[in-house]
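Q: Okay, here's the prediction I keep looking at, along with the sequence it came from:
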Amino acid sequence: MKQMNLSTWVVVTGLALWGVACRSQQPDKLTTIPGVRTVVQNPAPTIPAGPGIPTTPPPGGTVPNPGGITGTPNPTPGGNGLGGNGRDPMNADFPSSFENNTPDRNAFLAQMVHFDYDSAVIRPEDLPKIEVVARHLTQQAKHLMVLEGHCDERGTEQYNLSLGERRAQSVRDQLVKYGISPDRVRTLSFGEEIPLVEGNSESAWAKNRRGEFVLMLPKGQ
C-alpha cells in the first residue's frame, strides 16, 4: 500500500473530525428565513379539555342553565276568559234585565244542539229544536235567552273559548232568522270548562260539543 502523504492525511482527518462535530450538535430552535413560512405539523395535538356542563347538581347546588335559555311560565290554570264571573265581555252592554231574571236551565234541555268536530255550523237535524225555542220567545215577550257554547277537551283553552263563542253565535243567528230580536239573546262561551259527560272517547266528545239554551224568566214568575 502506498503511504498517504502528509497533506492528504491532514485533509482526511479534518473532514472526519468536522462530521463528528456536526452530528453531535442539534439545533435548539427553528431558524426563520425572511420570506419563507415555516409550517410545523403535530400528528397528535393535545388540546386541553374545557369544563363540561354538569348533568347532576353538586350537593346543595343546582345545574346551571346552558346558553342562558329561559322559558315562559305556564298560564294560570282555571281561567275561562270570561272575567272570572261568567260574564261575557263582548256582550257587557246587554240590557240590565238579564241580571234581574231567574235562569231556568231545564226548560229547553231537550232542545240542546250539537256540533261536528271543530265546527260551528248548525246541523239540519237541529233546526227544528231552535224553531221550538223561537216559537216560545215569540209567545213570551218578557222572556230572554242565554246561549252557551261548549266544546270537547281537544284544542287549546283559548281556541275552545273562541269556538264556543262561534257556536253560541250560530244559534243566536238562527233565532234572529226566526224573528227573535237580538237584544233578547245573550251569548256565553265556556269552551271546554263544563263537559256534559266525562271521558276521552268520541262518544263523550260528541256530547260535549254543544249549545245550551238557558231561559231567563222575570223574577216572581
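A: Thanks, I have it. Numbers count the residues shown, from 1 in each chain.
Q: what ranges do the helices span in this structure?
A: Using DSSP state H, the helices found in the chain span residues 6-24, 127-139, 157-177, 202-208.
Q: among these, where is the model least confident on average?
A: Lowest mean pLDDT within the helices of the chain: helix 6-24, at a mean of 53.
Q: mind listing what the closest residue to residue 170 other than its chain neighbours touches?
A: What sits nearest to residue 170 in space, not counting adjacent residues and going by Cβ to Cβ, 6 or more residues apart in numbering, is residue 120, at 4.9 Å. The way it works is simple: take the backbone N, C-alpha and C, and place the C-beta from them, glycine included. Counting by Cβ atoms under 8 Å, 6 or more residues apart in numbering, residue 120 makes contact with 163, 166-167, 169-170.
Q: Out of those residues, which is nearest to residue 144?
A: Nearest to residue 144 among the contacts of residue 120: residue 169, at 16.6 Å, using Cβ to Cβ.
Q: hang on, the earlier thing: dump the contacts of residue 120 to a markdown table, plus neighbour count and distance to residue 207.
A: Output for those, formatted as a markdown table (neighbours: other Cβ atoms under 10 Å; distance: Cβ to Cβ, whole Å):
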| residue | neighbour count | distance to residue 207 |
| --- | --- | --- |
| 163 | 23 | 16 |
| 166 | 16 | 19 |
| 167 | 27 | 14 |
| 169 | 18 | 21 |
| 170 | 21 | 18 |
